[in-house]
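*Asks:* Test case, fold it:
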Amino acid sequence: AMLNRLHPPRPDWYEEFYASVMNSSMKSYEAEVAGYKSQLFDNLRGKAKKVLEIGIGTGPNLKYYAADTDVQVLGVDPNRKMEKYAQTAAVAAGLPLTNFKFLQAVGEAIPVSDASVDAVVGTLVLCSVKDVDMTLQAP
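*Replies:* Below you'll find the model as predicted:
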């Protein structure tokens with residue numbers, strides 16, 4: 001119910017178009033911040049076995065988890081069309097699909113239990129959620 005309230009259903013063509021544009025248009029940005037992200041994600045390596053990433057989108061961060069063979073990543077995004085791009089990114093990065101799960105949900109209502117993950121990651125997501133405070137308080 002929260003998903004539909006905060007991210008009302010959009011036509012499939014729109015969700016696919018948006019996912020496709022995000023997949024292609026963010027490449028230069030990701031290349032620009034790759035060094036910075038590498039340093040940040042190095043802090044998680046070996047420490048966080050279960051990671052929740054809010055706003056996984058097309059999965060640009062999945063390459064930073066792949067070096068840790070024990071990591072399990074739960075990627076949350078309201079756009080269900082992002083899943084195939086994120087799965088492709090996981091495979092390209094060497095992150096087995098058994099270690100990655102996509103969940104269609106909004107940041108304000110993530111259906112995971114309290115203390116069920118070791119780390120929560122969100123890059124370029126807080127500008128797109130409807131309620132930042134609620135997102136930051138979600139389990």
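
*Asks:* and Asp42, how many residues sit next to it?
*Replies:* 11 (other CB atoms under 10 Å). To be clear about C-beta, it is placed using only N, CA and C from the backbone, and glycine gets the same treatment.

*Asks:* And the helices in the protein, which stretches?
*Replies:* With DSSP state H as the criterion, the chain has helices at 2-6, 12-25, 27-42, 62-65, 82-93, 132-137.

*Asks:* Leu52 and Ala119 touch, don't they?
*Replies:* Yes - Leu52 sits in contact with Ala119 when judged by CB atoms under 8 Å, with a separation of 7.3 Å.

*Asks:* more neighbours, those two?
*Replies:* For Leu52 versus Ala119, neighbours defined as other CB under 10 Å are more numerous around Leu52 (23 against 16).

*Asks:* Return the residues in contact with that one.
*Replies:* Leu74, Val76, Ile110, Val112, Val117, Ala119, Val120, Val121 (CB atoms under 8 Å, 6 or more residues apart in numbering).

*Asks:* if I pick the residue most central in space within the chain, what's in contact with it?
*Replies:* The chain has Ile56 as the residue nearest its centroid, 1.5 Å off, counting by CA atoms, centre = their mean. Neighbouring residues of Ile56 by CB under 8 Å, 6+ apart: Leu62, Gly75, Val76, Asp77, Met82, Ala86, Phe102.

*Asks:* what's the burial count for the fifth one?
*Replies:* The tally of other residues near Met82 (other CB under 10 Å) stands at 26.

*Asks:* For the contacts of Leu52, please prepare a markdown table with the additional fields distance to Thr135.
*Replies:* Formatted as a markdown table, those follow (distance: CB to CB, whole Å):
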| residue | distance to Thr135 |
| --- | --- |
| Leu74 | 15 |
| Val76 | 10 |
| Ile110 | 8 |
| Val112 | 13 |
| Val117 | 15 |
| Ala119 | 16 |
| Val120 | 10 |
| Val121 | 13 |
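
*Asks:* which one of those residues has the most neighbours?
*Replies:* Top of these by neighbour count (other CB under 10 Å): Val76, with 25 neighbours.

*Asks:* and it, what does it touch?
*Replies:* By CB under 8 Å, 6+ apart, the neighbours of Val76 are Leu52, Glu53, Ile54, Gly55, Ile56, Phe102, Leu103, Gln104, Ala105, Val106, Gly107, Ile110.
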